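J.: task: produce atomic coordinates for the following.
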Amino acid sequence: MEVKNKVRRMLQAGRTDIAKLLLREYGQQQQNDGEVLLWKAQIAIAEGKLDEAQTTLIEALGHQHRDAAAARLLADVYRRKRQPAVAASVYRLAEAIASRKSAATPPAEAAAIAQELRETMAEATEAGAEAEAAELQQTDQAENSPDYAYPDAPEPLVSIMVLGYDHADLTKLCIESIYRHTVGIPFELITVDNGSSDDTGAFLRRLPGRKKITLRPNQGPVGGFNAGMLAADAEYTACISNDSVVTAGWLDNLLRCIESDPTVGCVSPGANSISNYQRIVGEYATLEDMHRFAKSYNVSDPAKWEERLQLIPFVMLARTRALRDAGYYDPRFRYGEFSDDDISFRIRRAGYKLLFARDTFVYHFGSVTVREDQLKHDSLKTGRVLFQAKYGIDAWSESRFDPLLVQCAMEMMPPPALPGFGRLRILGVNAGCGATPLQLRNALRSAGYGQAEIVSYTDRRKFAVDLETISSRTECGPLEELANRLPHGTFDIVLFGDGWSRCESPAALMRGIRPLMKRSGLFLCKLRNNGHYLTMLQQLTDRALLPDADMVRPDTPPRLPMLVETMRQCHLPVAKLFHVSSEIEPTFSSLYKSLQTWAAAGGLNAGMLAITDTVVAAAAD
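T.: Next up, the predicted model:
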């Protein structure tokens, strides 16, 4: 604290040289301190290092996104760099942040701050507009501009930002597809050249949009997207990676989806190359064939909208207000891995829903521009550890849904009831963050069962905050208290996740669950084969990656014959056993091959690499 006070005094006195010396050691120890980043930016501005100041302030706003001083200083940097349109947008952001805090600020002081921001913004826009116009004219005379139909709309509904890093050919395809397939919707184009070394920057400078940001050096996808999102003014912000090609009706469909409910904060389409069960398969051999497929596929259909815990937003449409409330991307996830999980969690925890628009297909070349850096910096491992440290949750095993369990539940359901039949109720017991009950609700709605209600019960408090975002009711306590905390005879489907080893006995658990179910209600749980490759991978990697004892302690479900007999005695006779096989997840394909080699060398049997699990489905009698 004493060092920070000294730095403040030196900066106030204009002694940036002494402040820099003080920060040299202290700043290395406090790299994630937003105030330290702000001071570093002030020193960089004093030394005329505007690129360094710009980069530092974008990072600072990622850490302290509600800091009006950082936003105002960043806007001033853009003004100095002769980017008045971007400067004006960031000044407006600073004004919005200041106005939100005005409730805690004396009225006279708040009014003075707001007025000063407005005057500075107007001055910056007026001073820089003539210089920008001259620069654009000079660029147009030197190089032929692409033949696009229209410039930015005067009052855009959507701010479309494109992040480019090298691969100029892909960037051109991406931009061309935006102008070709965004028809009848007023938008502004924001481009970010993220330290490109080819002619990407020259191409982006020739575009008709007025908001053009250049980052030197490359700031990774997270820093690049934050730079563009900070400059967004419209009601909605669309973020697009340059390895994407948008298609006919893409934005129309996404707007219909996000405007269907004022609590929807972010939507994302499907693609040919993507994880998180957002993949859409089509038949085409060329880009022209792909566009024909997309035109026939992209028919708006609310039945194909799925609420999700998290999205892979390679193309994202978000309410600009939701991004500001959530705080943009966390700059600690620099290379992108798990940044999507992180921003999904924060948008949802800020009070918004996330929807996957399965009715919309966009082409994705597949992490072309960032894969090299991700591999070089082992960002998959780093991001997973960082996410777990931040939330206490493993994004791989505790926040993803189980598609096989959902599929088995749907196969057990009777035909949809007649109109007017009561709403189905799903009880998720120890279902992690609730992704599987949520996906079951999506599947039921799509199949015509209406909007089911989710109630969640967990014996681990760390999941409660996320369960509350998707459940009508969330209870947290020992499994033995389940029957005393929830209403009896009300649940149509019970999904049990894990916790066998934390319960007194399987019989006690079943005796607690049975009274909660309706007559003929369904109970489903999955018994993982101990030789399943994912179990083996988790045992091999989690102790190294996630040393938290709670994360690596294995759950030990009862043996199948014992469980079947116990359920029969508790009036939950097993109706069907599903032996379900899963595909090898692409993320783990190389590790799976290594396990095969290891098993063969050790003379182990085939069961060591099982891909089959057992789902137990019971119907209450």
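J.: please count neighbours and contacts with C-alpha atoms only from this point.
T.: Noted.
J.: now do the residue nearest to residue 198 when sequence neighbours are not counted against residue 336, distance only.
T.: Distance criterion C-alpha to C-alpha, 6 or more residues apart in numbering; nearest residue to residue 198, sequence neighbours excluded, is residue 166 at 5.6 Å. Going from residue 166 to residue 336 by C-alpha to C-alpha, to the nearest Å gives 17 Å.
J.: more neighbours, those two?
T.: In terms of neighbours (other C-alpha atoms under 10 Å), residue 336 is the more surrounded of residue 166 and residue 336; the figures are 23 against 19.
J.: which residues does that one contact?
T.: Residue 336 sits next to 220-222, 374, 379 when contact means C-alpha atoms under 8 Å, 6 or more residues apart in numbering.
J.: and residue 196, by the same measure?
T.: With contact taken as C-alpha under 8 Å, 6+ apart, residue 196 is in contact with 164-166, 218.
J.: and the helices in the stretch 501-621 of the chain?
T.: 506-513, 533-545, 549-552, 560-569, 589-601 (DSSP state H, counting those that start in this stretch).
J.: so, low pLDDT: which residues of the stretch 1-150 of the chain?
T.: In the prediction, the stretch 1-150 of the chain carries residues with pLDDT under 70 at positions 1-4, 7, 12, 25-34, 101-150.
J.: out of everything not next to it in sequence, what's closest to residue 567?
T.: Going by C-alpha to C-alpha, 6+ apart, residue 567 has residue 573 as its nearest residue, at 5.7 Å.
J.: can you redo the contacts of residue 336 as CSV with distance to residue 181?
T.: Listed next are the contacts of residue 336 as CSV, based on distance: C-alpha to C-alpha, whole Å:
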residue, distance to residue 181
220, 28
221, 24
222, 26
374, 31
379, 34
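J.: from these, which has minimum pLDDT?
T.: Lowest in pLDDT among those is residue 374, which has 60.
J.: show me what contacts residue 476?
T.: 457-461, 464.
J.: identify the residues contacting the residue lying closest to it once chain neighbours are set aside.
T.: In space, not counting the residues next to it along the chain, residue 476 is nearest to residue 458; the distance is 4.9 Å by C-alpha to C-alpha, 6+ apart. Neighbouring residues of residue 458 by C-alpha under 8 Å, 6+ apart: 429-432, 464, 475-479.
J.: same deal with residue 265?
T.: With contact set as C-alpha under 8 Å, 6+ apart, residue 265 has these partners: 258, 318-319, 322, 347-348, 352-354.
J.: so after the one helix or strand it maps to, what's the next helix or strand?
T.: Assigned by DSSP states H and E, residue 265 belongs to strand 264-271. Sequence-wise, the next helix or strand beyond strand 264-271 is helix 287-297, with elements assigned using DSSP H and E.
J.: and that next one, how far out from the chain middle?
T.: Centroid separation for helix 287-297 versus its chain: 27 Å, with C-alpha atoms, centre = their mean, to the nearest Å.
J.: that helix - contacts with which helices or strands?
T.: Based on contacts counted as 3 or more C-alpha pairs under 8 Å, 6 or more residues apart in numbering; DSSP states H and E, the elements that helix 287-297 packs against are strand 353-364.
J.: now for the strand it packs on, which elements pack on it?
T.: strand 244-245, helix 250-258, strand 264-271, helix 287-297, strand 305-308, helix 339-349.
J.: that strand pairs with which strands?
T.: Strand 353-364 has the following strand partners under DSSP bridges: strand 244-245 (antiparallel), strand 264-271 (parallel), strand 305-308 (antiparallel).
J.: about what we covered before: and the residue nearest to residue 476, what are its phi and psi?
T.: Backbone torsions for residue 458, taken as degrees, to the nearest 10, come to phi -140, psi 150.
J.: mind pulling up the pLDDT for it?
T.: 96.
J.: against residue 473, how distant is it?
T.: The gap separating residue 458 from residue 473 is 11 Å, by C-alpha to C-alpha.
J.: also residue 422?
T.: With C-alpha to C-alpha as the criterion, residue 422 and residue 473 are 18 Å apart.
J.: in terms of neighbours, single out the busier of the two.
T.: Looking at residue 422 and residue 473 with other C-alpha under 10 Å, you find the greater number of neighbours at residue 473, namely 15 against 11.
J.: nearest residue to the more buried one other than its sequence neighbours?
T.: Leaving aside its sequence neighbours, residue 473 sits nearest to residue 455 (C-alpha to C-alpha, 6+ apart; 5.0 Å).
J.: tell me the secondary structure at the one you found.
T.: With DSSP: H, G, I helix; E, B strand; the rest coil as the basis, residue 455 sits in strand.
J.: give me the number of residues near residue 202?
T.: Using other C-alpha under 10 Å as the criterion, residue 202 is surrounded by 14 other residues.
J.: can you tell me which helix or strand it belongs to?
T.: Here residue 202, judged by DSSP H and E, is contained in helix 200-205.
J.: right, and the helix or strand after that helix?
T.: Following helix 200-205 in sequence order, the next helix or strand is strand 211-215 (DSSP H and E).
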